[in-house]
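Visitor: 3D, please:
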Amino acid sequence: MKMNKLRADVQALLFLLPFLVVYFMFTIWPMIKGVEMSFYKWTLIKKMKYVGVGNYERMFQDHDFWASIWHSTIFVIITTPLMIVLAIILALIANRNSRLQRFYRSVFFIPSILSVAVASFLGLFVFQPYTGLVNSLLHLVKLLPENSEIFWLSETNLAWIAISLLTLWWTVGFNFILYLSAMQDVSEEVYEAARLDGASDAQLFWRITLPLLSPITKTITMLQIIASFKVFMQIYVMTGGGPLDQTRPVIQLIWQTGFRKNDLGYAAAMSYMLFAILLVLSGLQYWINNRKEAN
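Guide: The predicted structure follows:
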């Protein structure tokens, strides 16, 4: 019996071995080298010299690094709540019995299949002054005077609005599908019993649907926070981090430091600080969720 179990374990390991080798080569090993790199003065050509924790000390005194962390945090604060609310609303619409049910599901999900580059260039076109779609529509409905333009991508507050709207449109499809799947798992008998007790549609949503969506909401919140902290391409394409670096996220600063300023060691140190921040946030959210469930 033990030999059969051992043989099965060996066979399973042999099947997993190709994946494990590739995973180690392209994920684990680069992470190990990244940690090593963060303790050196390291360029694109070679590692120069050992600096110990010098890169980390420099980072704690770097105004640009903490400003970029704050910019990423602003993006998280704006997009995460809106993403959850919008995904729930779209899932409610698509979950209703209607002739347009398949149409809704397709339309809501299609933007998420676009690459980040395509979505970002669409956003750039939509929010451009003079020829952009948004300003053209505002002119058409007379909400914007004929000789006036809104410079969405040149003013800090407007730029954040434009970037956030583009991101919501592009990425909400994934969260929408998760919520839709969760809603379809709710038994119709629960709703029928509540209706027999005289519950209204609003009460069904607040007292039944929303509490039952709580587990998936916790998961989506954590994933969305991590994804929002990693934002880069849409900001890079639409604003380049401007105006005056006021929308530059931490990922863009890391990229510029490593590949434009040829300082991979310092870029690695910033990367691992971001990793530590995300790890703390994930652990904190996990602890809060478990504490609520325990109570």
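Visitor: Flag the shaky bits of the stretch 1-150 of the chain, pLDDT-wise.
Guide: Filtered on pLDDT under 70, the stretch 1-150 of the chain yields the residue ranges 1-3.
Visitor: can you give me the strands for it?
Guide: In order along the chain, the stretch 1-150 of the chain carries the following strands (DSSP state E, counting those that start in this stretch): 40-42, 47-50.
Visitor: Could you list the paired strands of the first one along with their orientation?
Guide: In its sheet, strand 40-42 lies beside strand 47-50 (antiparallel), with partners assigned from DSSP bridges.
Visitor: Need the contact partners of the strand it pairs with.
Guide: With C-beta atoms under 8 Å, 6 or more residues apart in numbering as the contact definition, strand 47-50 has outside contacts at 37, 39, 40, 41, 42, 265. Using the backbone N, CA and C atoms, a C-beta is placed for each residue, glycine as well.
Visitor: Using a markdown table, lay out those together with neighbour count and distance to residue 221.
Guide: Conversion of the contacts of strand 47-50 to a markdown table gives the following (neighbours: other C-beta atoms under 10 Å; distance: C-beta to C-beta, whole Å):
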| residue | neighbour count | distance to residue 221 |
| --- | --- | --- |
| 37 | 22 | 32 |
| 39 | 18 | 34 |
| 40 | 21 | 37 |
| 41 | 16 | 39 |
| 42 | 24 | 36 |
| 265 | 24 | 34 |
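Visitor: how about TSV for the residues you listed, with distance to residue 91 added?
Guide: Below are the contacts of strand 47-50 laid out as TSV (distance: C-beta to C-beta, whole Å):
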residue	distance to residue 91
37	43
39	47
40	48
41	50
42	46
265	45
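Visitor: ok so, going back, among the strands of the stretch 1-150 of the chain, which is nearest residue 161?
Guide: Smallest distance to residue 161 across the strands of the stretch 1-150 of the chain (C-beta to C-beta): 38.3 Å, for strand 40-42.
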